[in-house]
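K.L.:
After the sequence you'll find the predicted model.
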Amino acid sequence: MGGLANNGHKVYKLGRAHSQRFHLIRTQLTQLVMHERITTTKTKCKHLKPYAERLLLNAMRVAKTNSNQSRSFLQSFLTTSLARRKIVKEIAARLGDKNNNFINVRFLSERRKGDKAEMGYIEIKGNELENYEKSLEREQIEKGEVPDLKAFKEKVFKQERDFLALKLKEAEENINLKKLEDVVLLEKGKIDVAEFNRREKAAAATKAFFESKLKQVEHDLFICNKNKYDLIKYVTY
C-alpha cells in the first residue's frame, strides 16, 4: 500500500496491478468531477491528487485554446461525456486563470468501520459544499461562538440537509420544465431523439446526485445524534 520511488515520484500500488490502478483512477476522477468531493481512503486521496491536478490543467487548456491533445487526455481519464462537458464548461470556467492548486485533500479523524482504514476526502476547490462550510465557519467566528464539536457537526449536517433538499426540489422542477421544452423542440424538429434522450439522462443524473448526497447527509446526521451506549444491548456474548 505504501509508495515506491519512481523517478523521484511516489507511486501507490493500492494492492492492484497497473491496469487495475488505471481503471480505479478513471472511475474516481469521473466521480470527482461529477460530485466535486468524494470520500475515500487516505492513500487513495494521495494517489489521486496529482492526476486530478493534471486533469483540471488540461480542462483549462481545452476551455482556453481548444487543444486537441488536452481533449484526448480528458477522453482517456473521464469515462462519461457528461463529466467531460462539465469539467470544461462549468469547472474550468469557475477556476478562471489559475494554473495549479485546483485540489484540496483533507484527512478525517474517524477511521473506516471494519478494517479501520484511515479516511479522507478530495475535492475541487470552490465547490458549493466547501463555500457553504467556509461561510458557516466565518459566521461562527464573527459571532464569537466556540461551540462543542458535536453541536457544530450537527448544525453543519442540518444546514447541508436543508441545502441539498432545496437543490433536489429545484432539480425535480427543472426536469419537468426542461422535458416540456424538449418535447416542443423535438416536435418542431430542432433536436433529434438522441439529443432528447441525452438531455433526459443528464437531468436524471443531476437529480440522482442530489438524492445520493441527501441520503448520505441524513445518514451522517443519524450517526451524529445516535447515543453510542444504546448499542450495548446489541452485544452478544
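P.N.:
Looks like it came in fine. Residues are numbered from 1 along each chain as shown.
K.L.:
give me every residue that touches residue 17.
P.N.:
Contacts for residue 17 (C-beta atoms under 8 Å, 6 or more residues apart in numbering) come out as none. In short, each C-beta sits where N, CA and C put it, glycine included.
K.L.:
now do residue 71
P.N.:
Contacts of residue 71 by C-beta under 8 Å, 6+ apart are 58, 62.
K.L.:
got it, and residue 178?
P.N.:
Counting by C-beta under 8 Å, 6+ apart, residue 178 touches 199, 203.
K.L.:
Against residue 88, how distant is it?
P.N.:
Residue 178 is 21 Å from residue 88, where distance means C-beta to C-beta, to the nearest Å.
K.L.:
same check, this time on residue 115
P.N.:
37 Å.
K.L.:
The two - which one has more neighbours?
P.N.:
Using other C-beta atoms under 10 Å, the more surrounded residue of residue 115 and residue 88 is residue 88, with 20 against 7.
K.L.:
My reading is that the more buried one lies in a strand. Confirm?
P.N.:
No - counting by DSSP: H, G, I helix; E, B strand; the rest coil, residue 88 is not found in a strand; it is helix.
K.L.:
quick one: it and residue 193, what's the gap?
P.N.:
25 Å.
K.L.:
One more: residue 168?
P.N.:
28 Å.
K.L.:
Comparing those two, which shows the higher neighbour count?
P.N.:
Higher neighbour count among residue 168 and residue 193: residue 168, with 18 against 8, using other C-beta under 10 Å.
K.L.:
Tell me the predicted confidence for that one.
P.N.:
Looking at residue 168, its pLDDT stands at 85.
K.L.:
what's the neighbour count on residue 194?
P.N.:
Neighbours of residue 194 (other C-beta under 10 Å): 8.
K.L.:
mind listing the strands in this protein by residue range?
P.N.:
3-6, 9-12, 37-41, 103-107, 119-124 (DSSP state E).
K.L.:
in this protein, which helix has the most residues?
P.N.:
Longest helix in the chain by number of residues, with DSSP state H as the criterion: helix 149-188.
K.L.:
in it, what counts as buried?
P.N.:
154, 156-157, 160-161, 163-164, 167-168, 171, 175, 182 (16 or more other C-beta atoms under 10 Å).
K.L.:
do stretch 15-32 as well
P.N.:
Applying 16+ other C-beta under 10 Å to stretch 15-32 flags 21, 24-25, 28-30, 32 as buried.
K.L.:
Just the ones of those residues in helices?
P.N.:
21, 24-25, 28-30, 32.
K.L.:
quick one, domains of this protein?
P.N.:
1-125, 127-237 (automatic domain parsing).
K.L.:
which of those domains sits most buried?
P.N.:
domain 1-125 (a mean of 15; mean count of other C-beta atoms under 10 Å).
K.L.:
quick one: low-confidence parts of this protein?
P.N.:
1-11, 136-137, 140-142, 144-152, 226-237 (pLDDT under 70).
K.L.:
Mind doing that once more with 80?
P.N.:
The model of the chain has pLDDT under 80 over residues 1-13, 15, 128-157, 216, 219-237.
K.L.:
Please render the strands of the chain as JSON lines that adds distance to residue 62 to the earlier fields.
P.N.:
Output for the strands of the chain, formatted as JSON lines (distance: least, C-beta to C-beta, whole Å):
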{"stretch": "strand 3-6", "distance to residue 62": "28"}
{"stretch": "strand 9-12", "distance to residue 62": "25"}
{"stretch": "strand 37-41", "distance to residue 62": "22"}
{"stretch": "strand 103-107", "distance to residue 62": "18"}
{"stretch": "strand 119-124", "distance to residue 62": "16"}
